[in-house]
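**Student:** Pasted the sequence and its predicted model underneath.
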Amino acid sequence: MTMTEYEAVIGLETHIQLNTQTKIFCSCKADSWNDAPNSNICPVCCGLPGVLPVLNKAAVEKGVLLATAMHGQIRPLSFFDRKNYFYPDLPKGYQISQFDQSLSSGGYLDLPVPASASPDGQAYVRRVSITKLHLEEDAGKTKNAGGQRFVDFNRCGVPLVEMVTGPDLRTADEAAQYLTRLRQLLRWLGISEADMERGNLRCDANVSIRRKGETHLNPKTEIKNVNSIENVRAAIEHEIERQIREVEAGNRIFAWTLEWDEDAAVLRKMRSKETEADYRYFREPDLLPIRLDDAWKTAILAGFPELPLERRARFIREYGLPEYDAEILTAERKLSDYFEAAVRAYGGDPKRVSNWLMNDILRMLNDRGLTADQIKLAPAWLAELLKLIDSGTINISTGKSLLQKVEESGLSPAALVEKEGLAKVSDDTAIRAVAQEVLAENPKEVEAFKGGKDTLMGWFVGQVMRKMRGKADPNIARQMLEELLK
């Protein structure tokens, strides 16, 4: 039996940290990434006797946004439960979570898998079902140092959405694509920073194998809390290969919980996998049910945005963009909004706006560590710059240099052109005079050109443009040089 005769069956459990101001059941701030250990805690999130939790309304609203984006059925009445287990970073000895009556049920995410990630080189769409989406509180974290184990409770009580997919993914690449799309969606909705390295988005992968053509599910293993998309991909690939080796050797696959050692690139057994019965769920007696009536739900969804894949398809259809452009421009909502605003202000070819965004403005954003809504070059100013080029007022070279000048000065492109005298020179006499200077200063190059080295014409044009600070019309400069060189 060869590896190609097996297929993997993969489901992902993701824990999504919601970017609320405060924790889910108390007033401690939710983001304590840079805080000293155990400095952002209170009696409620530490589970001290006699305290009562109070639900954070914003956590519910952000959960509703995600459930809607995942096409889930939002329950008008949902409950919190106690999930009982012992771990050093769980101060109460239980976690407040949701079990059988969670915020949402069902749902799916359509996952476009590009040809580059497809086994047969053909793009396709994988529908990934959502079997569970619920709210819960986070636990703390432990750290080993100097032979001792330390506990930091800062993260206790941070609001999470746990979302579980069906066993619908078939390759490690599909799992990576799912996490990439989910991260994009969370940032698009503005409900999570979704930074895996900071723990805003954590992933457990359930993996089993079976022979191709079979439909039953075999025992699965769970890979816990991997901290990057690439590590999720690598860990799943290693586990698929391990399970195939075990089956080929005649061994059974046991339901283990595994951890991924990133440095050694190996999986290690942590413990046997728990079942839901081990957690002894029961209703949380200190919290009222969530009653999500129509008025509240309508208010939450009033500004619900067009989602990334929908906008991607519309950009292709409405603006005639290639798939590559549409993919890049809808990777981030603020960039997508910038593009549409610039197209409206420009009124010309959308592809021209796309080219400037992808080739020049994205580079500027990356260099400065900014997002599209933070730069001084507003969409209307990009449109103004393109119109200056179209009208012949400036050339493309001057236009590209203006991007940085606008960002540094905060002045509009038109104001900078007037202030610095950047308007394109189309006067034949002035350009001819500079062309004569260039030829007089470079007799060897003139001789080489006349000897048949035609490629020097571009160099001569460049010298004229340099002397005229990019303001010369390059077509007129070429025409003058050709006449003089004859």
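**Tutor:** Yes, it's here. Numbering: from 1, shown residues only.
**Student:** In the protein, which residue is most central in space?
**Tutor:** The centroid of the chain falls nearest to residue 184 when counting by CA atoms, centre = their mean (3.7 Å).
**Student:** hang on, isn't that residue packed against residue 307?
**Tutor:** No: with contact taken as CB atoms under 8 Å, residue 184 and residue 307 are classed as non-touching, separated by 9.7 Å. For glycine as for every other residue, the C-beta is placed from the backbone atoms N, C-alpha and C.
**Student:** Which strand or helix spans the residue nearest to the centre of the chain?
**Tutor:** Secondary structure from DSSP states H and E places residue 184 in helix 172-189.
**Student:** buried sites along the next helix-or-strand element following that helix?
**Tutor:** Of the helices and strands lying after helix 172-189 in sequence (DSSP H and E), the nearest is strand 201-211. Neighbour counts over strand 201-211 (16 or more other CB atoms under 10 Å) mark 201-210 as buried.
**Student:** ok, those vs residue 374, which is closest?
**Tutor:** Ranked by distance to residue 374 (CB to CB), the buried residues of strand 201-211 are led by residue 201 at 23.0 Å.
**Student:** contacting residues for the closest one?
**Tutor:** 14-17, 179, 182-183, 186, 192, 194-195 (CB atoms under 8 Å, 6 or more residues apart in numbering).
**Student:** any chance you could map the helices in the stretch 201-350 of the chain?
**Tutor:** In the stretch 201-350 of the chain, the segments counted as helices under DSSP state H, counting those that start in this stretch are 229-248, 294-300, 308-319, 323-329, 333-346, 350-356.
**Student:** Mean pLDDT and distance to residue 134 added to the ones you listed, as CSV?
**Tutor:** Output for the helices of the stretch 201-350 of the chain, formatted as CSV (pLDDT from 0 to 100; distance: least, CB to CB, whole Å):
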stretch, mean pLDDT, distance to residue 134
helix 229-248, 95, 22
helix 294-300, 97, 17
helix 308-319, 96, 24
helix 323-329, 95, 32
helix 333-346, 97, 26
helix 350-356, 97, 40
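**Student:** Out of those helices, the one nearest residue 376 is which?
**Tutor:** Per CB to CB, nearest to residue 376 of the helices of the stretch 201-350 of the chain: helix 333-346, 12.6 Å.
**Student:** contacts for the closest one?
**Tutor:** Residues from elsewhere that reach helix 333-346 (CB under 8 Å, 6+ apart): 187-188, 190, 305, 308, 311, 315, 319, 329-330, 350, 352-354, 357, 362, 365, 371-373, 379-380, 382-384, 386-387.
**Student:** quick revisit: nearest to residue 91 among the buried residues of strand 201-211?
**Tutor:** Nearest member of the buried residues of strand 201-211 to residue 91, counting by CB to CB, is residue 202, at 19.7 Å.
**Student:** That closest one touches residue 196, doesn't it?
**Tutor:** Yes: between residue 202 and residue 196 there is a contact under CB under 8 Å: 7.1 Å.
**Student:** Now list whatever residues contact both of the two.
**Tutor:** residue 227.
**Student:** follow-up on the earlier one: in a markdown table, list the helices of the stretch 201-350 of the chain along with mean neighbour count and distance to residue 452.
**Tutor:** Formatted as a markdown table, the helices of the stretch 201-350 of the chain follow (neighbours: other CB atoms under 10 Å; distance: least, CB to CB, whole Å):
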| stretch | mean neighbour count | distance to residue 452 |
| --- | --- | --- |
| helix 229-248 | 18 | 53 |
| helix 294-300 | 12 | 73 |
| helix 308-319 | 17 | 46 |
| helix 323-329 | 18 | 40 |
| helix 333-346 | 20 | 44 |
| helix 350-356 | 19 | 35 |
